[in-house]
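In: Return atomic coordinates for the entry below.
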Amino acid sequence: MGNPLNLPFDPIERAHDNWTGRWGASPAMAAVTSIMRAQQILIGQLDATLKPYELTFARYEALVLLTFSSSGALPLGKIGERLMVHPTSVTNTIDRLERQGFVRRKPNPSDGRGTLAEITDPGREVVEHATRDLLAMDFGLDCYSDDDLRHIHRLFKDLRVGFGDFPAEA
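Out: This next block holds a predicted model:
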């Protein structure tokens, strides 16, 4: 999971103070550095919670996506699109999940050259257990209220809309 830094000061504040002295104040620099550190902390906590299931958060997300699919199967390209990852990452993720027995590949009946990843019964079972554990630790965000979490979600939704992930009205 990684260890807390246990520093006697906030290194991001210190970096921002140094930045301000050299180039002027940049709330954006302080914010993005905080976001990147938060991602490190969260991935560490999530992966530690999922370790008993021999999953990473990335593999867990793929299994959840397949669980949400009406047929339990999706083309690899669709998985990459929905998880917003490179096709190589999808292939590696599905390879690992297949070796674990959590998914199986099968031909795509609507695309003779395509492949579907289909969740297996052991994959469905591990999703249920892992999800209970993640919910119990509030996905690592238990220091925030529900209102705070909704606010955080809205803030990052604006960033994703601005980037062009989807239209504002979606």
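In: next structured bit after the longest helix belonging to the chain?
Out: Counting by DSSP state H, the longest helix found in the chain is helix 27-50. Remark: after helix 27-50, the chain's next helix or strand is helix 57-68, criterion DSSP states H and E.
In: Which strands and helices lie in contact with that next one?
Out: helix 27-50, strand 73-75, helix 76-83, helix 87-99, strand 103-108, strand 111-119, helix 121-136 (3 or more C-beta pairs under 8 Å, 6 or more residues apart in numbering; DSSP states H and E). All C-beta atoms are positioned from the backbone trio N, CA, C, and that covers glycine.
In: mind checking pLDDT for the nearest residue to Pro87 once chain neighbours are set aside?
Out: The shortest distance from Pro87 to any non-neighbouring residue, by C-beta to C-beta, 6 or more residues apart in numbering, is to Gly80 (5.2 Å). If you check Gly80, the pLDDT there is 94.
In: Quick check: Gly80 touching His86?
Out: Yes - judged on C-beta atoms under 8 Å, Gly80 makes contact with His86 at a distance of 6.8 Å.
In: So between the two, which is more surrounded?
Out: The neighbour comparison of Gly80 against His86 (other C-beta atoms under 10 Å) goes to Gly80, with 20 against 10.
In: which residues of the protein score low on pLDDT?
Out: 1-2, 170 (pLDDT under 70).
In: domain assignment for it?
Out: 8-53, 55-127 (automatic domain parsing).
In: Deepest-packed of those domains, please.
Out: Stretch with highest mean neighbour count among these: domain 55-127 (a mean of 17; mean count of other C-beta atoms under 10 Å).
In: Just the terminal-to-terminal distance for it.
Out: 10 Å (C-alpha to C-alpha, to the nearest Å).
In: returning to that earlier point: now distance to Leu65 too, for the helices and strands packed on helix 57-68, in TSV please.
Out: Shown next, in TSV, are the helices and strands packed on helix 57-68 (distance: least, C-beta to C-beta, whole Å):
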stretch	distance to Leu65
helix 27-50	15
strand 73-75	7
helix 76-83	6
helix 87-99	10
strand 103-108	11
strand 111-119	9
helix 121-136	10
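In: For His153, which of these is the nearest?
Out: Nearest to His153 among the helices and strands packed on helix 57-68 is helix 27-50; the distance by C-beta to C-beta comes to 13.8 Å.
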